[in-house]
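Enquirer: Show me the folded form of this:
(4 chains)
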2 protein chains.
Amino acid sequence: MESFNVITLQGFSRACADCQLQDLCLPIGICRSDVARLDQIINRKRPLQRGAALFNQGDQFGALYAIRSGSIKSFSISDDGREQINAFHLPGEILGLDAISDSSHPSSAVALETTSVCELPFERLHALAHEIKDLQHQLLRVMSRELNADERFMRILASRNAEERLAGFLLNLSSRHGMRGYSSTEFNLSMSRHDIANYLGLAVETVSRLFTRFQQDGLIEAQRKAVKILQREALAEMAGNTGPDPNQDDSRNRESS
Amino acid sequence: MESFNVITLQGFSRACADCQLQDLCLPIGICRSDVARLDQIINRKRPLQRGAALFNQGDQFGALYAIRSGSIKSFSISDDGREQINAFHLPGEILGLDAISDSSHPSSAVALETTSVCELPFERLHALAHEIKDLQHQLLRVMSRELNADERFMRILASRNAEERLAGFLLNLSSRHGMRGYSSTEFNLSMSRHDIANYLGLAVETVSRLFTRFQQDGLIEAQRKAVKILQREALAEMAGNTGPDPNQDDSRNRESS
DNA sequence: GCGATAAAGTGACCTAGATCAGAGAGTACG
DNA sequence: CGTACTCTCTGATCTAGGTCACTTTATCGC
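Expert: Numbers count the residues shown, from 1 in each chain, chains lettered A, B, ... in the order given. The predicted structure follows:
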């Protein structure tokens, strides 16, 4: 019986202690024995198929979710029916933090590809954080990091043009892939051009044209979802970054300032 | 001796227990005796003059700050020197949450008028939250609310036009003033047109023209900083809100979706 | 109270990017 | 394995709002 808990279909270990995302996720800065306690409250759910919802806007809040593999977009629909994507989440990132305040999810979360997540029941997590001061601190840090990322992104939306936005977006994805041990120069976009446009506050056509132009200018090589970064420096300069994006840690899906 | 602690220059009580902002600020949901403990770690600082900095971008993080009276803008300067305002803060709101993650302030905070704040040394607050579970929860709720507000604002920046932004901004300020017991139809803007434009991602000229137009259309009455809301409903519809902005609690300085 | 300096308002013009329209290219599904 | 979507790309307009240039009005320091 127990052995079934150690091996998943994807070959991932089921324990936090063995998870390669440990240092991006909640367990960071927590001692081994405490990680084991954290482990015990976590439910590993079966993978979500592309398009499946992890939770929907308005759902009662009960748990946070950490992504193990795959990717998720979170978005909300405003009163007048417009959909707006808030974030794209990669492995190691925590979803649902914005639902703590009023116990209901202000946004929906949908898998962009086959995705598996760890469920962290909030009441139990909260109780555990009460006992483990480092976990409490880490929870605050994770939320603060999120706040930071949001602020960075607000800055981008408020003051950068289309080309700067897309350059920043690509670099951000690039470094986030890099931090997860994947290539930071060659990766696949799990979201559509439409999603990118929506997220960046642009029209799809503009995004499409920019992809073409970046490619013509030799900055990237793009074949539909497959992207290769050819001139990181040039992109960084375009995005308004100096240097090869520093303090980028796993600040979710936002561009660095 | 004790009586000096109860009366300040502005006539405000110095204790959380007597503060009229209690239910907007941290003490909410915490029992009386615990509020007293919270009270003990708080430093009431002397008022900041207009233009004075509470902290600067890059400063080491040591404390959170709750506004008692006045208002503060927080902003950051990006690598390429562009200044971007992240938020305008009103009494009862907490500043510095975005600095927890890497122990340094990612943005500066400057008083827009004479402003007094309560300083909450983070280490002590963190320790106290470890002891008082409700305080821990409240801290998480406050951060979550902030996250929410940021997301709402991102949505506005990504998808609404100039007129919708300004209408939303005015309504947001209006309801936040209302929640604080001030008039929600007649108030003073503590920030300049330049600040508003920067915050909303518009040009000053556009903001100025919109003020004029809103006034011509009878939606508001505006005389420089003094604003009177004449047709809340019309503004709400313009801003893309249905109904008289609900769940607006003290979600900082963001427009409702 | 007065000149200097900054904030606010206005008009004329001009571009970034939206919108409209339509053509490939992929992918899903019977 | 062909038909129907859906996604991506491209070109041709159109326009919201940015930029520039200037006036008017406050505010501040002395």
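
Enquirer: Is A:Lys228 within a helix or a strand, and which one?
Expert: Remark: A:Lys228 resides in strand A:226-229, with elements defined by DSSP states H and E.

Enquirer: Pull out the buried positions in whichever helix or strand comes after that strand.
Expert: Sequence order places helix A:232-239 as the next helix or strand after strand A:226-229, per DSSP H and E. Using 16 or more other CB atoms under 10 Å in any protein chain shown as the test for burial, helix A:232-239 gives A:232, A:234-236, A:238-239. Every C-beta, even on glycine, is put in place using the N, C-alpha and C of the backbone.

Enquirer: Then stretch A:177-196?
Expert: A:177, A:179-180, A:184, A:187, A:189-191, A:193, A:195-196.

Enquirer: now do stretch A:124-141
Expert: Neighbour count says stretch A:124-141 has A:125-126, A:128-130, A:132-133, A:135-141 buried, by 16+ other CB under 10 Å.

Enquirer: Tell me which residues are up against that stretch.
Expert: By CB atoms under 8 Å, 6 or more residues apart in numbering or on different chains, the residues outside stretch A:124-141 that reach it are A:26-31, A:34, A:37-38, A:41, A:63-64, B:100-101, B:126-127, B:129-130, B:133, B:136-137, B:139-140, B:143.

Enquirer: average pLDDT for that stretch?
Expert: Across stretch A:124-141, the average pLDDT comes to 92.

Enquirer: try stretch A:193-211
Expert: Rounded mean pLDDT across stretch A:193-211 is 95.

Enquirer: From start to finish, how long is it in a straight line?
Expert: Taking CA to CA, to the nearest Å as the measure, stretch A:193-211 stretches 10 Å from start to finish.

Enquirer: measure the nearest residue to A:Leu189 once chain neighbours are set aside to A:Arg124 for me?
Expert: Once flanking residues are discounted, A:Leu189 sits nearest to A:Lys225: 4.7 Å by CB to CB, 6 or more residues apart in numbering or on different chains. Taking CB to CB, to the nearest Å as the measure, A:Lys225 falls 38 Å from A:Arg124.

Enquirer: Equivalent analysis for A:Asp150, please.
Expert: Counting by CB to CB, the gap from A:Asp150 to A:Arg124 is 27 Å.

Enquirer: Could you identify the helix or strand that succeeds the helix or strand hosting A:Arg145?
Expert: Assigned by DSSP H and E, A:Arg145 falls within helix A:133-159. Per DSSP H and E, the first helix or strand lying C-terminal to helix A:133-159 is helix A:162-179.

Enquirer: list the buried ones in that following helix?
Expert: The neighbour-count check on helix A:162-179 (16+ other CB under 10 Å) flags A:162-177, A:179 as buried.

Enquirer: Next up, phi/psi of the residue most central in space within chain A, please.
Expert: Geometric centre of chain A, nearest residue: A:His89, 2.0 Å, by CA atoms, centre = their mean. Main-chain dihedrals, A:His89, degrees, to the nearest 10: phi -110, psi 140.

Enquirer: same deal with the one 5 residues further on?
Expert: Per-residue torsions, A:Ile94: phi -100, psi 130 (degrees, to the nearest 10).

Enquirer: Just the mean pLDDT for stretch A:93-112, thanks.
Expert: Here the average pLDDT along stretch A:93-112 is 94.

Enquirer: and it, is it in reach of DNA strand D?
Expert: No. Using CB under 7 Å from any atom of the strand, stretch A:93-112 never reaches DNA strand D; the gap is at least 11.1 Å.

Enquirer: cool, and stretch A:184-198?
Expert: Yes. Counting by CB under 7 Å from any atom of the strand, DNA strand D has neighbours in stretch A:184-198: A:192-194.

Enquirer: Kindly indicate which of those lies nearest chain B.
Expert: Using CB to the nearest CB, A:His194 comes nearest to chain B of the residues of stretch A:184-198 next to DNA strand D, at 13.6 Å.

Enquirer: so what's that closest one closest to, chain neighbours aside?
Expert: Of all residues not flanking A:His194 in the chain, A:Val204 sits nearest, at 5.2 Å (CB to CB, 6+ apart).

Enquirer: From DNA strand C, how far out is that neighbour?
Expert: Separation of A:Val204 from DNA strand C (CB to the nearest atom of the strand, to the nearest Å): 7 Å.

Enquirer: Could you list the contact residues of the stretch 151-257 of chain A toward DNA strand D?
Expert: Within the stretch 151-257 of chain A, the positions adjacent to DNA strand D are A:192-194, A:204-205, A:207-209, A:211-212, A:222, A:224-225 by CB under 7 Å from any atom of the strand.

Enquirer: what's near enough to touch the residue nearest to A:His194?
Expert: Per CB under 8 Å, 6+ apart, neighbours of A:Val204: A:193-194, A:197.

Enquirer: In this structure A:Arg50 contacts A:Ile72, no?
Expert: No. Contact criterion CB atoms under 8 Å: A:Arg50 and A:Ile72 do not qualify, at 10.6 Å.

Enquirer: more neighbours, these two?
Expert: Higher neighbour count among A:Arg50 and A:Ile72: A:Ile72, with 27 against 13, using other CB atoms under 10 Å in any protein chain shown.

Enquirer: nearest spatial neighbour of A:Glu123, skipping sequence neighbours?
Expert: In this structure, A:Glu123 finds its nearest non-sequential neighbour in A:Gly62, 8.0 Å apart by CB to CB, 6+ apart.

Enquirer: Return the backbone torsion pair for the one you found.
Expert: Per degrees, to the nearest 10, the backbone of A:Gly62 is at phi -140, psi -20.

Enquirer: separation between the residue lying closest to A:Gly178 once chain neighbours are set aside and A:Ser144?
Expert: Nearest residue to A:Gly178 in three dimensions, chain neighbours excluded: A:Ser184, at 3.0 Å (CB to CB, 6+ apart). Using CB to CB, we find A:Ser184 at a distance of 25 Å from A:Ser144.

Enquirer: wait, is A:Ser101 part of a strand?
Expert: No. Applying DSSP: H, G, I helix; E, B strand; the rest coil, one finds A:Ser101 to be coil, outside a strand.

Enquirer: so who does it touch?
Expert: If you count contacts by CB under 8 Å, 6+ apart, A:Ser101 has them with B:141-142, B:144-145, B:147-148.

Enquirer: Need the distance between the two termini of stretch A:91-105.
Expert: Span of stretch A:91-105 from end to end, CA to CA: 20 Å.

Enquirer: what distance separates it from the middle of the whole chain?
Expert: 12 Å (CA atoms, centre = their mean, to the nearest Å).

Enquirer: Share the number of residues neighbouring A:Ile67, please.
Expert: With other CB under 10 Å as criterion, A:Ile67 counts 24.

Enquirer: Contacts only, for it.
Expert: By CB under 8 Å, 6+ apart, the contact set of A:Ile67 is A:89-93, A:95, A:115-117.

Enquirer: What is the nearest of the residues you listed to B:Ala15?
Expert: The closest of the contacts of A:Ile67 to B:Ala15 turns out to be A:Leu95 (CB to CB; 38.9 Å).

Enquirer: I'd assumed A:Ala111 was in contact with the closest one.
Expert: No. Judged on CB under 8 Å, A:Leu95 makes no contact with A:Ala111 at a distance of 11.1 Å.

Enquirer: anything in contact with each of the two?
Expert: Common contacts of A:Leu95 and A:Ala111 (CB under 8 Å, 6+ apart): A:54, A:72.

Enquirer: quick one on the thing from earlier: got any residues that touch both of A:Arg50 and A:Ile72?
Expert: A:111-112.

Enquirer: circling back to that earlier point, got the contact list for the residue nearest to A:Leu189?
Expert: A:188-190.

Enquirer: Could you do A:Thr114 as well?
Expert: When contacts are counted by CB under 8 Å, 6+ apart, A:Thr114 touches A:47-50, A:70.
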